[in-house]
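Enquirer: predicted coordinates and the sequence they were generated for:
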Amino acid sequence: MVLEATMICIDDSEWMRNGDYVPTRFQAQSDAVSLICGAKTQSNPENTVGVLKMAGKNPKVLVTPTSDLGKILACMHGLQIGGESNFGAAIQIAQLALKHRQNKKQQQRIILFVGSPLNYAKETIEDIGKKLKKNSVALDIVSFGEQDEEKIELLELLLATVNNNDTSHIVHVPAGPTALSDVLLSTPIFTGDGEGGSSGFAASAAAAGFEFGVDPNLDPELALALRVSMEEERARQEAAAKKAAEDASKQEKGEEQSTSQDATMTENVNPGTSEPQKKTHDLTDDENALLQQALAMSMDDPSATVAVRDTDMSDASADDHDLQLALQLSVQDSASDQSNPIDMHKVLADQSFVSNILSSLPGVDPNDPHVKDLLASMQNNPEAKEEDKEDPKEEEKK
C-alpha cells in the first residue's frame, strides 16, 4: 500500500453556483472530495489528507494533512462561495503544506479541482509544473464546468510538465446527469498507480460500488449482516405477497359458495311451499267438520248426533275394542234419554219438588208471577203433546 500525504484543492469561486451538475457544481465537488478522502484514509491507516480552498486573493488551508476523517469532512461545512479561483497561489500553498508534513516517508500528491476558467500564461503554468516536479509532487487534475480549448490546453501543459513516470493524471468530466463522484470511480485518481497504489484505491472503489456500500474485504461481518438482513426482508415481502394472494383467492371462493348455497336454498324452499299449504287446508277442513258437529249437537238433532257418534264409534273401533263398547253404551243411554222426554216433564209436574229447587236457588222467588207462569206453560206442553200423539192412534183404530 502506498504511503501518501495528499492536499485537495477545492474550487469555491462564483462559478460553483451553476446547476449544470447535480445538484450544483459545488455540491457535486463536495461529494467527490468526501469520497476521495475516505478512499485515501482507508487504503492506508498512516495516510494523511488536507483540504485547501482556492477562491479569493489568499487561498486558505482549511485543514492540514491529517488521518482524522471526521475533521477532514467537517471542514467542508459552512464553506461560502465567492470570488475567483487563485489557481497559481493555491498550488504553491499546497506544496508548502506537504513540505511540512510530519512523516517524511509519505509521498506527496496534490488533487486539483478546476471548475472555472483559467487566465494564465503558458510560461506561468510551465513554471508551476517544474517546481512540482522538482519537489517530487504528483498532481491529479479534475477538470469540470467550462471546457473551453484554452483551459484544456493549459491543464494538459501543466500535466505534461509535472508528470514523472505516469504518476500524474487528468480527468475531464462534462456536464450531465451523472454525478461527478460516480465518474471518478473508474479513473486512475481512484484506482491509483502501480502495483502498490492500486490495491488501496481498488479497495476504496469496491467499497463505493458495493451493493450495500460496504467493502466485504474491510468489514466482512458488517457485509454479511447486511446481506442476511436483505435476504430476510425479501423473504418476508414474498411471504406477505403470497399470503395476500391466498386470502384473495379464498375470499373469491367463499363468495361463489355462498351464491350457490343461496340458489340451492331458494330452489328447496319453492317446492316445499305446497306441503304447508296442504297441511293448512287439511286443518281447515278438520276445523269445519268439528264446527259442524258442534252445531248439530247444540241444535239437539238426535239423528245428526247419533250419526256423528256412530261415525266416531266406527273410527274408534279400529283402535280399541273396549273404547268401542264404551261409546256404544254412551250412545244408547243418550238415545234412551232423548226417546223418553216425558219423564223430565213428569218431574217438572211435581210442584212441591220444583218449589224446593227454586227456593234453594239464590235470588229466585218461587211466588214470583213470572216463575209461576213459566212452570204452568211447561206443565201444559207435555199434555198437549200427548193429545197430539193419541189423535193419530185413534184415527188408525177408526
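Expert: Right, received. Where do you want to start?

Enquirer: and the strands in the chain?
Expert: With DSSP state E as the criterion, the chain has strands at 4-10, 48-53, 60-66, 107-114, 137-144, 169-173.

Enquirer: which helices and strands does the shortest one pack with?
Expert: Spelled out, it's strand 169-173. Using 3 or more Cβ pairs under 8 Å, 6 or more residues apart in numbering; DSSP states H and E as the contact test, the elements touching strand 169-173 are strand 137-144, helix 149-162, helix 180-184, helix 188-191. Just so you know, the C-beta spots here come from the backbone N, C-alpha and C atoms, and that holds for glycine as well.

Enquirer: can you put these in CSV and add mean neighbour count, mean pLDDT and distance to residue 82?
Expert: What follows is the helices and strands packed on strand 169-173, written out as CSV (neighbours: other Cβ atoms under 10 Å; pLDDT from 0 to 100; distance: least, Cβ to Cβ, whole Å):
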stretch, mean neighbour count, mean pLDDT, distance to residue 82
strand 137-144, 23, 94, 19
helix 149-162, 17, 93, 21
helix 180-184, 20, 88, 21
helix 188-191, 20, 80, 27
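
Enquirer: circling back: can you tell me which of the strands of the chain is packed in deepest?
Expert: Compared across the strands of the chain, strand 4-10 shows the largest average neighbour count, a mean of 26 (mean count of other Cβ atoms under 10 Å).

Enquirer: direction included, what does that one pair against?
Expert: With DSSP bridges as the test, strand 4-10 is paired with strand 48-53 (parallel), strand 107-114 (parallel).

Enquirer: dump the helices and strands packed on strand 169-173 into TSV; add distance to residue 46 as well.
Expert: Shown next, in TSV, are those (distance: least, Cβ to Cβ, whole Å):
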stretch	distance to residue 46
strand 137-144	17
helix 149-162	25
helix 180-184	23
helix 188-191	19
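
Enquirer: who's in contact with the residue lying closest to residue 99 once chain neighbours are set aside?
Expert: Setting aside the residues directly before and after it, residue 99 is nearest to residue 135 in space (Cβ to Cβ, 6 or more residues apart in numbering), at 7.1 Å. Listed by Cβ atoms under 8 Å, 6 or more residues apart in numbering, the contact set of residue 135 reads 95, 99, 108.

Enquirer: picking that back up, now tabulate the strands of the chain in a markdown table and tack on distance to residue 377.
Expert: A markdown table is the format used below for the strands of the chain (distance: least, Cβ to Cβ, whole Å):
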| stretch | distance to residue 377 |
| --- | --- |
| strand 4-10 | 145 |
| strand 48-53 | 145 |
| strand 60-66 | 145 |
| strand 107-114 | 146 |
| strand 137-144 | 143 |
| strand 169-173 | 142 |
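
Enquirer: out of those strands, nearest to residue 187?
Expert: strand 169-173 (4.8 Å; Cβ to Cβ).

Enquirer: just to revisit the earlier point, which one of the helices and strands packed on strand 169-173 lies closest to residue 125?
Expert: helix 149-162 (5.0 Å).

Enquirer: I'd guessed residue 172 sits against residue 143; true?
Expert: Yes: contact criterion Cβ atoms under 8 Å: residue 172 and residue 143 qualify, at 4.8 Å.

Enquirer: which residues are common contacts for these two?
Expert: Common contacts of residue 172 and residue 143, defined by Cβ under 8 Å, 6+ apart, comprise residue 152.

Enquirer: burial count for residue 3?
Expert: 17 (other Cβ atoms under 10 Å).

Enquirer: report the contact partners of it.
Expert: 44, 46, 47, 103, 105, 106, 107.

Enquirer: from residue 176, how far out is it?
Expert: Distance of residue 3 to residue 176, computed by Cβ to Cβ, to the nearest Å: 36 Å.

Enquirer: show me where pLDDT drops low in the stretch 101-250 of the chain?
Expert: Per-residue confidence for the stretch 101-250 of the chain (pLDDT under 70) gives these ranges: 191-219.

Enquirer: can you rerun that using 80?
Expert: 190-231, 233 (pLDDT under 80).

Enquirer: does residue 75 touch residue 50 like I think?
Expert: No: judged on Cβ under 8 Å, residue 75 makes no contact with residue 50 at a distance of 9.2 Å.
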